[in-house]
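# Need the 3D shape of this:
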Amino acid sequence: MAEMDTSSGGGHKKGPGVKKGKKLSTRVDLTPMVDLGFLLITFFVFTTTMSQSTAMNMNEPKDDDSTQQLKVKNSGAMTILLGKADQVYYYYGQLEADKLSEQFKSTTFKQIRDIIVAKKKSTNIDDLMYIIKSDKESTFKNAIDILDEMSICAVPPGHYAEVDMTPTEQLLIKKTEEANGIK
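The predicted model follows:
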């Protein structure tokens, strides 16, 4: 049968004739740990898959034949103009000289989604058309953001197009930005 030592010495004896235990160094060599870290990093770098870039499909005209231009009803058209400082301007149908102040409206990217969805709900899908125009002062990011908004709002391809801005629209944007103090 096994015996248990119940003496209260605990192994720490003091006094003459007792040899002190040699204190060993507590230093830990981390060189193998660094090697292991680099091996793990290289393993994960080589075994991961890189994210694939995503691209939006754009319907572009096949040629510049002006006879094949799409005719859009004024009731279904909404023109979105991109200005500087992330400003968005819009109007419905065609601009009329006597109703410019009523038609030409300003908004931001936070509010444009609600406007796009409201127009989509209120218009027959066959008549719906969004015309996107970028000012020279507008950024490429704004153009991509408005295309993303079209995708988020589930506007079908072929119901929005990017078109060059007319001089009248450029003048309207310039005057609106000057009046609002946008530089």
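
# residue ranges with poor pLDDT in this protein?
1-15, 25, 56-72, 183 (pLDDT under 70).

# Which residue ranges of it form strands?
For the chain, the strands defined by DSSP state E occupy 77-82, 87-92, 105-108, 129-134, 160-162.

# Show residues contacting the second one.
By that I understand strand 87-92. 74, 77-83, 103-109, 112, 115, 119, 142, 146, 172-173, 176-177, 182 (CB atoms under 8 Å, 6 or more residues apart in numbering). (Glycine included, C-beta is placed from N, CA and C.)

# What distance do you get for Val45 to Ile131?
Distance of Val45 to Ile131, given as CB to CB, to the nearest Å: 46 Å.

# check contacts around the spatially closest residue to Arg113 that is not a sequence neighbour.
Closest residue to Arg113 apart from its sequence neighbours, by CB to CB, 6 or more residues apart in numbering: Glu149 at 5.5 Å. Under the criterion of CB under 8 Å, 6+ apart, the neighbours of Glu149 are 109, 112-113, 116.

# farthest-separated two in these?
Within the contacts of Glu149, Phe109 and Ile116 form the most distant pair, 11.0 Å apart (CB to CB).

# Those two: which is more packed in?
It is Ile116, of Phe109 and Ile116, that has more neighbours when counted by other CB atoms under 10 Å, with 22 against 16.

# Counting neighbours, what do you get for the closest residue to that one other than its chain neighbours?
Leaving out its chain neighbours, the residue that sits closest to Ile116 by CB to CB, 6+ apart is Cys153, at 4.8 Å. Residues lying near Cys153 (other CB under 10 Å) number 17.

# I'd like to know how far the residue most central in space within the chain sits from Thr48.
Geometric centre of the chain, nearest residue: Asp145, 7.5 Å, by CA atoms, centre = their mean. Note on Asp145: its distance to Thr48, by CB to CB, is 30 Å.

# Quickly compare the strands of the chain and say which is most buried.
strand 77-82 (a mean of 22; mean count of other CB atoms under 10 Å).

# Name every strand pairing with that strand and say which way it goes.
strand 87-92 (antiparallel), strand 129-134 (parallel) (DSSP bridges).

# Please work out which residues outside the last one touch it.
Residues from elsewhere that reach strand 129-134 (CB under 8 Å, 6+ apart): 70, 72, 76-82, 116, 119, 142-143, 146-147, 150, 155, 159-165, 169.

# switch to 10 Å and redo it
With contacts defined as CB atoms under 10 Å, 6 or more residues apart in numbering, strand 129-134 is touched by 70-73, 76-83, 89-91, 116, 119-120, 123, 140, 142-143, 146-147, 149-150, 153, 155, 158-166, 169-170, 173.
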